[in-house]
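Participant: Mind folding the following:
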Amino acid sequence: MTLTIVMLLQILSFDYIDVTISGILLLFAWRMLRDNMQEMPAYALMYGVLCGLNCSFTMLPLVGNLASGRMIERKVRQPTQVVNRTFYQSWDIYTEIAPFFDLSRGFLYNVESLSDLLAPLCMAYGCYLSVQAHLLVDILITRLDEAFPEEESPFQSARTAAEGLLPPPRYQSGLFTGKVFKVDS
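Facilitator: Sure, this is the predicted structure:
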């Protein structure tokens, strides 16, 4: 729910790169939660890592903006000058430092500030929840493996989903059979 709110705020503030990242994480969360969370054991830890990385990368500009204010750049184009059939164009760039929240700057400015503030908090919360889910599933699978034989385990589908993500082994000794040929060069 919080990730959806953050994504909607990012859409309102026209922050398309963050919308893409939040959208991917939202689809990832939907994939884990569908079908009564059967795929949760396979993806919970990876989701936690992705949320943690996104939290750290969104926290860096937030700390800078909270400490010194937001830098706003404004480009002003100067009139084009023609000298000997050569066009010269120049721009003046004005940099202004504004408070993080400022009601006089309008709705979009404050929505962007709120989005920048909520994104790292949401990602930290997602990281915490997914790591906790991974640890709880790991404990439950261990306890159920001790209580039930492998054929009767209630978490057999979760184990199968997690094992399905592992790549097949590349080489196992004793599997090759047949005649050996030497290639001359």
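
Participant: Could you look up the SS state of Asp92?
Facilitator: Secondary structure for Asp92, judged by DSSP: H, G, I helix; E, B strand; the rest coil, is strand.

Participant: actually Ile11, not the one I wrote
Facilitator: helix.

Participant: and it, how many neighbours?
Facilitator: 16 (other CB atoms under 10 Å). (Each C-beta comes from the backbone N, C-alpha and C, glycine too.)

Participant: Could you measure from it over to Asn36?
Facilitator: 30 Å (CB to CB, to the nearest Å).

Participant: again with Phe100
Facilitator: Taking CB to CB, one finds Phe100 at 42 Å from Asn36.

Participant: Have a look at these two and say which one is more surrounded.
Facilitator: Higher neighbour count among Phe100 and Asn36: Phe100, with 17 against 8, using other CB under 10 Å.

Participant: That one reaches Gly69, doesn't it?
Facilitator: Yes. With contact defined as CB atoms under 8 Å, Phe100 and Gly69 form a contacting pair (6.5 Å).

Participant: Any regions of the chain where pLDDT drops low?
Facilitator: 145, 148-178, 180, 185 (pLDDT under 70).
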